[in-house]
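K.L.:
fold the following and give me the result.
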Amino acid sequence: MMLTRKLSRQLAANYILHSLLGRILKCPRIADRGHESITYFCWQSSVSECCVGLELFSNNFSTMAGTILVQARNTGKIHEELETAINEQRLNDAWDLHEQHMRVEGFARKSIVNKLIVGLAESSDIQWVEKAYGLVEKALGEHKQTLFDKETLMYLSLGLAKCGLPVSGSTVLRKLIEMEHFPPVTAWSAVIAYMLQNSSGAYLAAELVLEMGYLFQDGRVDPRKKCNEPLIAMKPNATAFNIALVGCLLFGTTRKAEQLLEMMPRINMKTDATSLIIMAHIYERNGRREELKKLRRHIEEVHNVTDIQLRQFYNCLLSCHLKFGDLDSACLMILEMLRKAKKAQNSLGVANLIFETDKIGSTLPDQDVTVKDLHDMKSDKHENPYYFKEISYLSKLSVVTESL
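P.N.:
The predicted structure follows:
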């Protein structure tokens, strides 16, 4: 087909040449014989210039047609070279081949385009990651959403966040949701975690969690329907909220953090010990003393709270009392903790003694109890955790009191 076009264009060039020569030959001669030589010379020069110009035009046209024909024949070869360059991580060569393919035939095959984007994102080089984002943006602008896999766009979003480009990373996440390629919460939580490198990224991370939460608030999505499974997998969990809340604490956007806290009960999200401690820091930062007092009851009911977490909570509560200038409440809190600490020490000692004596008495009724037996029984006290639950909490409280 290309060869036929080439021949037809050459015939057209020859036809133009002959018609132009015919018109020149039909031009009237100048009557004055004194000027015949000059007229003949000018006519001969014009004909020569036209011939040279048309010959150059014909040659250039033939060269261009030949180049297009060669490029069309080598599209398959470009695919192979592009894939090889991506596999060998020769990103400069891969990008040049991609641009060459774009000039000849547009976007390459879907599999190769996805490989190219992943390869550019894997480099963690901001230059290549931005080029990958530009490629995606161009394709989406041309309404070629089917050109990309969900995993590819997720990986690109993660790469953009790692390189400190939170705006672009969040844009890719939003595009995924628009295309109904819902990313799982574990994947997009990693993206917002990398977005916390600067204040704008932390703010965008909080906005993303809020946007995700709006989709699920007030029971809008029925979890019993099988068709909603991909959407339910995207629902924010405690980890996602904790990441966004920590970002708000780091960069001082605690008002935005309170919006996140208001969202949590609306999507029926259960808080863990870490969430409660982060909430305590936010309430202390915003001067919400009454909320801190309510939170104290929840902290005491959590079984897996650690000594460090308890210390952080009571530090927040004490700091809030002092901010309000309420020395009476601060003193009462410390005295109460001291009483509980003393009770914990006494109760723990008595409980240990009773438990160890009963244990040895039941297992060794006819033998004398030795120090070694008591030592062995101490190592078995974890077998009855519920017996020591309250005493364990009081013991932790005593440690916190000593550190205050």
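
K.L.:
low-confidence ranges in the stretch 151-300 of the chain?
P.N.:
Judged against pLDDT under 70, the stretch 151-300 of the chain has no low-scoring part.

K.L.:
where does the stretch 301-404 of the chain have low pLDDT?
P.N.:
344-345, 347-404.

K.L.:
how does the chain divide up, domain by domain?
P.N.:
The chain breaks down into these structural domains: 2-27+37-72, 76-181, 342-404 (assignment by automatic domain parsing).

K.L.:
what is the end-to-end distance of the longest one?
P.N.:
Separation of the first and last residues of domain 76-181 by Cα to Cα, to the nearest Å is 31 Å.

K.L.:
look up how far residue 289 lies from residue 102.
P.N.:
Going from residue 102 to residue 289 by Cβ to Cβ, to the nearest Å gives 62 Å. In short, each C-beta sits where N, CA and C put it, glycine included.

K.L.:
just want to know which of the two has more residues nearby.
P.N.:
The residue with more neighbours, out of residue 102 and residue 289, is residue 289; 18 against 13, by other Cβ atoms under 10 Å.

K.L.:
my read is that that one contacts residue 322, right?
P.N.:
No - with contact defined as Cβ atoms under 8 Å, residue 289 does not count as touching residue 322 (10.6 Å).

K.L.:
number of residues surrounding residue 219?
P.N.:
10.

K.L.:
what sits against it?
P.N.:
Residue 219 makes contact with residue 268 under the criterion Cβ atoms under 8 Å, 6 or more residues apart in numbering.

K.L.:
do that again at 7 Å, thanks
P.N.:
With contact set as Cβ atoms under 7 Å, 6 or more residues apart in numbering, residue 219 has no partners.

K.L.:
roughly how far apart are it and residue 115?
P.N.:
41 Å.

K.L.:
what of residue 239?
P.N.:
Applying Cβ to Cβ, the value for residue 239 to residue 115 is 31 Å.

K.L.:
go on, residue 88?
P.N.:
12 Å.

K.L.:
do the same with residue 234
P.N.:
Distance of residue 234 to residue 115, given as Cβ to Cβ: 26 Å.

K.L.:
helices of the stretch 151-300 of the chain, residue ranges please.
P.N.:
166-178, 185-194, 199-216, 229-232, 238-251, 254-266, 273-286, 289-301 (DSSP state H, counting those that start in this stretch).

K.L.:
need these in CSV with distance to residue 152, can you?
P.N.:
Below are the helices of the stretch 151-300 of the chain laid out as CSV (distance: least, Cβ to Cβ, whole Å):
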stretch, distance to residue 152
helix 166-178, 10
helix 185-194, 12
helix 199-216, 20
helix 229-232, 17
helix 238-251, 22
helix 254-266, 30
helix 273-286, 32
helix 289-301, 42
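
K.L.:
assess the claim that residue 132 and residue 121 are in contact.
P.N.:
Yes - if you go by Cβ atoms under 7 Å, residue 132 and residue 121 touch, sitting 5.6 Å apart.

K.L.:
what touches both of the two?
P.N.:
By Cβ under 7 Å, 6+ apart, the residues touching both residue 132 and residue 121 are residue 156.
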